[in-house]
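1. Below is the sequence, then the predicted model.
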Amino acid sequence: MKRPTFHAVSGWSQTLLGTILFASASVPGVLTTGALTTGAWTNCALGQDSNETNLKETSGKEKKGKSEEKSPLFMRVSQTDAGQPQALECAVAKYKIASGPYAGAVVDLIGAVHVGEKSYYQRLNSMFKSYEAILYELVAESTDKPQKSERRRSGNPISSIQTGMKDALKLSFQLEEIDYRAKNFVHADMNPSEFSDDMAKRNDGIISMAARLMGAGFALQGSKKSNDAQAEMTAAMLSRDPLRMRRAMANQFESLDNQMVGIADKDGKSTLLTERNAKAFSVLEEQLKAGKRKLGVFYGAGHFPDMHDRLIKDFGAELIETDWVEAWNLRTDAIK
């Protein structure tokens, strides 16, 4: 039997790490940020289409014109003019509904990562207080809001891996930092039965999705840039240097977009991404019908390209502004 090449193995590891941290396999009671779709990471990892775009600031707002047609970014790595990485940033994308029964309502897509700086989650907790409703992701019963005292006791293997990565990267875990007991938090995700039923309807499962991901990963092997990035990822993991691992992972996410889109089935749908989005937006419409006019959708950034399309096509919304929140510090003084 022919021995697998180093790059094929490391490519699979890259996909697996991205899935765990940003697109984890859905398991009851575990945060399950959806797959990153084509274009989301290729553009966002370095700001636009290439290394030529360098950012001096690690946060700030960008105004959107009505004629702008480029696919929006929902996550990026900001850099100095000299090309030094500064931060992994998540978007807070503001949409305004222009007409119809919900005219004037504002919906913000608030990007999440499952492990991040404590200051990142503190900023989000403070920000959330200004919304009438925060719709959040969690494959669980709607009444099962996680409590801090319970979050460390999960025996779920995905949760355990995420916690391990939190420790290795010297970061905090989302479930331990976000206040899910806040009165304006509204569950907007499938429950375990709905998730299982939808997977069964598609004759799908975690193993088959993983196989599609691995196949997509193999297809990306071979370029010098890809090989160099994978070698750096392996070296960073072996070094156990938290900053080096953060930077290597942030750079690896640039190529995850083509791999993660492989989660979708032949119809372009998946339980993990599009069908959970559909459930979230059914809850969004319920909240709008109830008279709420300032809402936030707190989901993994990988869900947002599909949510962006839904807001524009189904709700007549327009993207008017994007703010950026620093999730990972990638500067040389990050680890103290």
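-> Good, I have the coordinates.

2. So what sits opposite Leu295 in the bridge?
-> Val107, Ala133 (DSSP bridges).

3. any chance you could map the helices in the stretch 201-336 of the chain?
-> Assigned by DSSP state H, counting those that start in this stretch, the helices in the stretch 201-336 of the chain fall at 206-219, 224-239, 242-252, 256-260, 276-289, 304-315.

4. any idea which of the ones you listed scores lowest on pLDDT?
-> Ranked by mean pLDDT, the helices of the stretch 201-336 of the chain end with helix 256-260 at the bottom, a mean of 50.

5. buried set for stretch 322-336?
-> For stretch 322-336, the neighbour count (16 or more other Cβ atoms under 10 Å) marks Thr322, Asp323, Trp324, Val325, Glu326, Ala327, Trp328, Asn329, Leu330, Ala334 as buried. For every residue, glycine as well, the C-beta is placed using N, CA and C.

6. again but with stretch 180-199, I slipped
-> 180, 184-191, 195-196, 198-199.

7. Quick check: the farthest pair among those?
-> Asn184 and Met199 (30.6 Å; Cβ to Cβ).

8. Include distance to Asp144 and pLDDT when you put the buried residues of stretch 322-336 into TSV, please.
-> Formatted as TSV, the buried residues of stretch 322-336 follow (distance: Cβ to Cβ, whole Å; pLDDT from 0 to 100):
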residue	distance to Asp144	pLDDT
Thr322	32	96
Asp323	30	96
Trp324	32	96
Val325	27	96
Glu326	30	96
Ala327	26	94
Trp328	29	95
Asn329	32	96
Leu330	34	96
Ala334	34	92
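
9. from the residues you listed, which is closest to Arg247?
-> Leu330 (5.5 Å).

10. Quick check, that closest one in contact with Thr80.
-> No - with contact defined as Cβ atoms under 8 Å, Leu330 does not reach Thr80; the gap is 10.7 Å.

11. okay, and the common contacts of the two?
-> Among the neighbours of Leu330, those also in contact with Thr80 (Cβ atoms under 8 Å, 6 or more residues apart in numbering) are Gln86.

12. Counting neighbours, what do you get for Ser239?
-> 12 (other Cβ atoms under 10 Å).

13. Show the contacting residues for the closest residue to it other than its chain neighbours.
-> Leaving aside its chain neighbours, Ser239 sits nearest to Met245 (7.5 Å; criterion: Cβ to Cβ, 6 or more residues apart in numbering). The neighbours of Met245, taking Cβ under 8 Å, 6+ apart as the test, are Ala168, Leu169, Ala236, Met237, Ser239.

14. what's the distance between Ala334 and Arg244?
-> Using Cβ to Cβ, to the nearest Å, one gets 10 Å for the distance from Ala334 to Arg244.

15. An error on my part: the question was meant for Lys183.
-> As judged by Cβ to Cβ, Lys183 and Arg244 stand 42 Å apart.

16. One more: Val115?
-> Separation of Val115 from Arg244 (Cβ to Cβ): 16 Å.

17. surely Lys269 meets Ala278?
-> No - using Cβ under 8 Å, Lys269 makes no contact with Ala278, being 9.1 Å away.

18. and those two? which has more neighbours close in?
-> Between Lys269 and Ala278, Lys269 has the larger neighbour count (other Cβ under 10 Å), namely 18 against 14.

19. For the more buried one, give me its contacts.
-> Arg202, Glu275.

20. Distance of it relative to Gln86?
-> For Lys269, the distance to Gln86 - Cβ to Cβ - is 36 Å.

21. quick one: contacts for Phe281?
-> So Phe281 contacts Met307, Arg310, Asp314 (Cβ under 8 Å, 6+ apart).

22. Which of these are buried? Put it as a PyMOL command.
-> Applied in PyMOL, the following selects the buried portion of those according to 16+ other Cβ under 10 Å:
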select buried, resi 307+310
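
23. which stretches of the stretch 101-250 of the chain aren't confidently modelled?
-> The stretch 101-250 of the chain contains residues with pLDDT under 70 at 148-162, 205-227, 229.

24. ok, 80 please
-> Low-confidence segments of the stretch 101-250 of the chain, defined by pLDDT under 80: 146-164, 203-230, 232-233.
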